[in-house]
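Asker: I'd like to go over a predicted model; first the sequence, then the structure.
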Amino acid sequence: MTKPDNPAPAAAAAEARIRSALPVEIHGRLRSARITDRRAVVVAEAGDLGVKAREELEALITGNLSALDDVDEVRVALVADRRRRMIIAIGSGKGGVGKSTLTANLAVALARMGRKVGVIDGDIYGPSQPRLLATERDKPMSEGDRLVPVTSPHGVKVLSMGHVAPPGRALAWRGPMAGKALGQLVDAAWDDTELLLIDLPPGTGDVQISMMQDSRPDGAVLVSTPQDLALLDAARAGQLFEDGNVPIIGLVENMAGYACPHCGEVSDPFGQGGVETFAQRLEIPFLGRVPLTIATRLAGDAGKPPAAVDGEASAPFTAIAERLDRWIASGAV
Ligand SMILES: Nc1ncnc2c1ncn2[C@@H]1O[C@H](COP(=O)(O)OP(=O)(O)OP(=O)(O)O)[C@@H](O)[C@H]1O
């Protein structure tokens with residue numbers, strides 16, 4: 001093969017050819033691209049992508065460049081220079097214990113502490129984040145084949161199947177399809193978001209397992225009410241995370257102690273202190289308790305998370321968010 005007189009323009013031309021053979025959405029990922037002796041070598045940034053998205057990126061580059069008539073072989077190196085954003089899953093095992101409420105409020109509290117936070121509503125079948133974060137009327141745009149999250153008036157970005165699928169549509173989806181839908185939410189255009197909180201659907205089935213394999217959360221928060229049954233389910237969810245090598249950041253007790261709005265007497269409809277004792281027994285940190293209040297329920301329904309304004313109702317969420325913030329910074333609560 002004859003060498004070009006001046007290699008620089010030839011290299012620039014090869015890079016331009018590679019770029020034009022690839023979709024524009026991934027141009028920002030290309031660190032270097034060259035063709036030497038009929039071999040295309042591409043280095044691409046993939047530090048923010050989960051396992052599945054990395055495989056898809058590699059297959060896309062290989063497929064498109066193999067079709068070039070001056071290329072016989074394609075080599076792709078995926079690098080992770082870009083700091084991968086942190087993913088924290090919020091799980092419970094049992095439904096209805098307040099996982100979504102906690103996720104929304106922790107996200108808002110962390111955003112008020114200066115973190116750039118995104119919320120993924122992993123509850124494909126019963127999405128509640130659009131309502132909790134007041135984005136029910138918003139529809140996400142798309143950027144290439146990626147969704148662009150909507151922005152809540154409470155300072156966090158959010159994506160939910162509730163934003164995308166017509167009500168009721170997702171109900172017909174089976175496990176793998178639901179898992180795929182969740183993957184799309186994780187691989188959306190989160191841009192400068194540094195922390196993603198995933199509000200997991202209740203249970204310990206296919207969706208939870210595939211989320212763990214594809215998105216590799218950095219840690220998990222477990223939520224439970226003090227009821228024995230909820231605790232057992234939380235333990236099951238904890239086991240799922242341990243099996244997937246996802247560190248458990250700690251356990252939160254929700255719906256603890258109800259203060260009667262009329263006489264002020266505190267009662268404990270779901271028992272008292274059980275979650276903290278349970279956390280000690282399992283040797284996982286206890287992150288705090290959130291009391292059962294009518295204000296919390298009404299605020300959720302109205303799309304006004306208590307954590308958005310200082311006050312009695314926001315204090316428990318802020319305290320838990322502070323511990324989470326410490327864990328994010330130092331790995332310890
Ligand atoms: N601390 C609380 N005080 C009063 N009501 C609460 C509290 N936490 C949650 N709720 C209410 O309980 C209901 C269930 O809460 P939420 O949707 O957050 O639970 P979940 O575990 O995410 O449920 P699902 O299993 O359906 O995803 C909602 O109506 C919510 O407003």
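Answerer: Yep, that arrived. Numbering: from 1, shown residues only.

Asker: which parts of the stretch 151-300 of the chain are helices?
Answerer: Assigned helices in the stretch 151-300 of the chain, in chain order: 161-164, 175-186, 206-215, 228-243, 274-282, 294-301 (criterion: DSSP state H, counting those that start in this stretch).

Asker: report the buried residues of the second one.
Answerer: Going by neighbour count (16 or more other C-beta atoms under 10 Å), the buried part of helix 175-186 is 178-179, 181-183, 185-186. (Glycine included, C-beta is placed from N, CA and C.)

Asker: mind putting these into JSON lines with distance to the ligand?
Answerer: Listed next are the buried residues of helix 175-186 as JSON lines, based on distance: C-beta to the nearest ligand atom, whole Å:
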{"residue": "Ala178", "distance to the ligand": "14"}
{"residue": "Gly179", "distance to the ligand": "17"}
{"residue": "Ala181", "distance to the ligand": "16"}
{"residue": "Leu182", "distance to the ligand": "14"}
{"residue": "Gly183", "distance to the ligand": "19"}
{"residue": "Leu185", "distance to the ligand": "15"}
{"residue": "Val186", "distance to the ligand": "18"}
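
Asker: could you list the low-pLDDT ranges of the protein?
Answerer: Low-confidence segments of the chain (pLDDT under 70): 1-8, 50, 81-84, 166-177, 270-271.

Asker: so Lys52 is in which element?
Answerer: Secondary structure from DSSP states H and E places Lys52 in helix 51-66.

Asker: just to revisit the earlier point, can you put the helices of the stretch 151-300 of the chain in a markdown table and add distance to Ser100?
Answerer: Below are these laid out as a markdown table (distance: least, C-beta to C-beta, whole Å):
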| stretch | distance to Ser100 |
| --- | --- |
| helix 161-164 | 11 |
| helix 175-186 | 15 |
| helix 206-215 | 15 |
| helix 228-243 | 15 |
| helix 274-282 | 18 |
| helix 294-301 | 8 |
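
Asker: re earlier: for the helix holding Lys52, name the packing helices and strands.
Answerer: Contact analysis of helix 51-66 by 3 or more C-beta pairs under 8 Å, 6 or more residues apart in numbering; DSSP states H and E lists helix 7-21, strand 39-45, strand 73-79, helix 206-215 as its packing neighbours.

Asker: now find how far off-centre it is within its chain.
Answerer: How far helix 51-66 lies from its chain's middle: 23 Å, per C-alpha atoms, centre = their mean, to the nearest Å.

Asker: in it, what counts as buried?
Answerer: Here helix 51-66 shows 52-54, 57-58, 61, 64-65 as buried, counting by 16+ other C-beta under 10 Å.

Asker: nearest to the ligand: which residue in the stretch 101-250 of the chain?
Answerer: The nearest approach of the stretch 101-250 of the chain to the ligand comes at Thr101, 3.3 Å away (C-beta to the nearest ligand atom).

Asker: right, and the helix or strand after the host helix or strand of that residue?
Answerer: In this structure, Thr101 is located in helix 99-112 according to DSSP H and E. Next helix or strand after helix 99-112 toward the C-terminus (DSSP H and E): strand 117-121.

Asker: note down every partner strand of that next one and its orientation.
Answerer: The strands beside strand 117-121 in its sheet (DSSP bridges) come out as strand 157-160 (parallel), strand 195-199 (parallel).

Asker: export those strands to TSV and tack on distance to the ligand?
Answerer: TSV is the format used below for the strands paired with strand 117-121 (distance: least, C-beta to the nearest ligand atom, whole Å):
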stretch	distance to the ligand
strand 157-160	12
strand 195-199	7
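
Asker: so of the ones you listed, which one's packed in deepest?
Answerer: Highest mean neighbour count among those (mean count of other C-beta atoms under 10 Å): strand 157-160, with a mean of 28.

Asker: list the buried residues for stretch 197-206?
Answerer: Neighbour count says stretch 197-206 has 197-204 buried, by 16+ other C-beta under 10 Å.

Asker: with stretch 234-252 instead?
Answerer: With burial defined by 16+ other C-beta under 10 Å, the residues of stretch 234-252 counted as buried are 234-235, 237-238, 240-241, 244, 246, 248-252.

Asker: now, which of those lie close to the ligand?
Answerer: Checked against the ligand using C-beta under 6 Å from any ligand atom, the buried residues of stretch 234-252 yield no neighbours at all.

Asker: residues contacting the residue of the stretch 101-250 of the chain closest to the ligand?
Answerer: Thr101 makes contacts with 132, 254, 296, 300, as judged by C-beta atoms under 8 Å, 6 or more residues apart in numbering.

Asker: still on that earlier bit, which one of the buried residues of helix 51-66 is nearest the ligand?
Answerer: Taking C-beta to the nearest ligand atom as the measure, the ligand lies nearest Lys52 of the buried residues of helix 51-66, at 24.3 Å.

Asker: number of residues surrounding the closest residue to the closest one other than its chain neighbours?
Answerer: Distances taken as C-beta to C-beta, 6 or more residues apart in numbering place Asp214 nearest to Lys52, at 4.7 Å, with adjacent residues excluded. Here the number of neighbours of Asp214 (other C-beta atoms under 10 Å) works out to 19.
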